[in-house]
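1. 3D model of this:
(chains A and B)
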There are 2 protein chains.
Amino acid sequence: MRVLGIDPGLTRCGIGVVDVSATRTVSLVYVGVVVTSPDLALERRLLAISQGIEDVVDEFEPDAVGIERMFAQHNLRTVMGTAQASGVALQIAASRGLAVGLHTPSEVKAAITGYGAADKRQVGAMVARVLGLDVVPRPADAADALAIAICHAWKGPALAAGGGALTPAQRAWRDAEKTATSRKAFS
Amino acid sequence: MRVLGIDPGLTRCGIGVVDVSATRTVSLVYVGVVVTSPDLALERRLLAISQGIEDVVDEFEPDAVGIERMFAQHNLRTVMGTAQASGVALQIAASRGLAVGLHTPSEVKAAITGYGAADKRQVGAMVARVLGLDVVPRPADAADALAIAICHAWKGPALAAGGGALTPAQRAWRDAEKTATSRKAFS
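-> Numbers count the residues shown, from 1 in each chain, chains lettered A, B, ... in the order given. A predicted model of the protein is given here:
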């Protein structure tokens, strides 16, 4: 299964794509950051972000999307722009019929490092390690997007979808996982 | 000139369209509200909002868009969803090449009622009055969207664009306004 991870942001929006195997091994497909200048009008920045995300969806055709869950407790100076970028990302995922999982920063950190209060350096180092990369993806928004994608892949979309009904893609994944597990158990 | 006004919201997103003449008379073209259930997944709600806005843009072909400017000081419980909806609205405007003006709630109230701290009832009553309607549009989100559209139409997109360079549409409007004004002065 191919998972797109998005770390929403108005100035830097991290976008990562990973493949996850039935044994939960993850591999890097793509990582990048959409950078927009504060000199641009807000709507132009959001359009650039949406185009960046759509380009990646078109090129790499992910099966599911993990996005950072927004909380109002974040830094108030940047929270509005981040929320607006996350709204655009969520709308694109829904318009493409992709299953979406929202993950809090501490869920992502815990999934990647085993520690919900890990710092950015620890997250970046573990992202590089699990993807078998020689260097940590930069900037931090790129590594964070990969961390979100990996978290989503590992938690399983069925768990991450927030308790709603399973989409066909989620059911297929759940069934594939069950099959993979039983094969292992009986082989 | 035809102006689309959007009062972003996740549960109720107000959408209004008005025509404004060179003499600043405004008339109602369309008003509606996209309502989404909290039972729907967040991305589905944002998709419904984007489809509602796109449908109105397709049908009524506005020349400019006024959207409520978001501040982090708003009600923290609803601010994230409102910001996400506003991000979607802004992205649609930019993708259609429409000039966008962001207006604070007090700017809108002052433009409509002459009083920046006017309450919803006063805004609704003045919206009905300037548009020549027998009844106040309901719910309040519908009246608010019309108020934003009227505010944007009256302030003039050139003033409302936030100090950036004028778009071709904004230049055309500014020139049309100048022509209208000079015609009046010299007729």
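2. can you pull out the helices in chain A?
-> A:42-60, A:76-95, A:105-113, A:120-131, A:140-155, A:157-160, A:168-186 (DSSP state H).
3. for the record, mean pLDDT for the fifth one?
-> Predicted confidence along helix A:140-155 averages 96 (mean pLDDT).
4. which stretches of chain A have low pLDDT?
-> Filtered on pLDDT under 70, chain A yields the residue ranges A:72-77, A:157-187.
5. at the contact with chain B, which residues of it appear?
-> Within chain A, the positions near chain B by Cβ under 8 Å from any Cβ of the partner chain are A:41-44, A:46-47, A:49-50, A:70-72, A:76-77, A:79-80, A:83-88, A:90-91, A:93-95, A:100, A:102, A:161-162, A:164. Bear in mind the C-beta positions are built from the backbone N, C-alpha and C, glycine included.
6. one more time with 7 Å
-> A:41-44, A:46-47, A:50, A:70, A:72, A:76, A:79-80, A:83-88, A:90-91, A:93-95, A:100, A:164 (Cβ under 7 Å from any Cβ of the partner chain).
7. returning to what we had before: rebuild the helices of chain A as TSV, extending it with mean neighbour count.
-> Output for the helices of chain A, formatted as TSV (neighbours: other Cβ atoms under 10 Å in any protein chain shown):
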stretch	mean neighbour count
helix A:42-60	20
helix A:76-95	24
helix A:105-113	20
helix A:120-131	18
helix A:140-155	27
helix A:157-160	20
helix A:168-186	13
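8. closest one to residue B:28 among the ones you listed?
-> Nearest to residue B:28 among those is helix A:42-60; the distance by Cβ to Cβ comes to 25.0 Å.
9. so what touches that closest one?
-> The contact list for helix A:42-60, computed with Cβ atoms under 7 Å, 6 or more residues apart in numbering or on different chains, reads A:2, A:4, A:6, A:10, A:13, A:15, A:17, A:29-30, A:34, A:36, A:84-85, A:88-89, A:92, A:96, B:87, B:90-91, B:93-95, B:100.
10. how far away is residue A:121 from residue A:128?
-> Distance, residue A:121 to residue A:128, by Cβ to Cβ, to the nearest Å: 11 Å.
11. contacting residues for the residue lying closest to residue A:106 once chain neighbours are set aside?
-> Of all residues not flanking residue A:106 in the chain, residue A:116 sits nearest, at 3.8 Å (Cβ to Cβ, 6 or more residues apart in numbering or on different chains). The neighbourhood of residue A:116, defined by Cβ under 7 Å, 6+ apart, consists of A:106, A:109-110.
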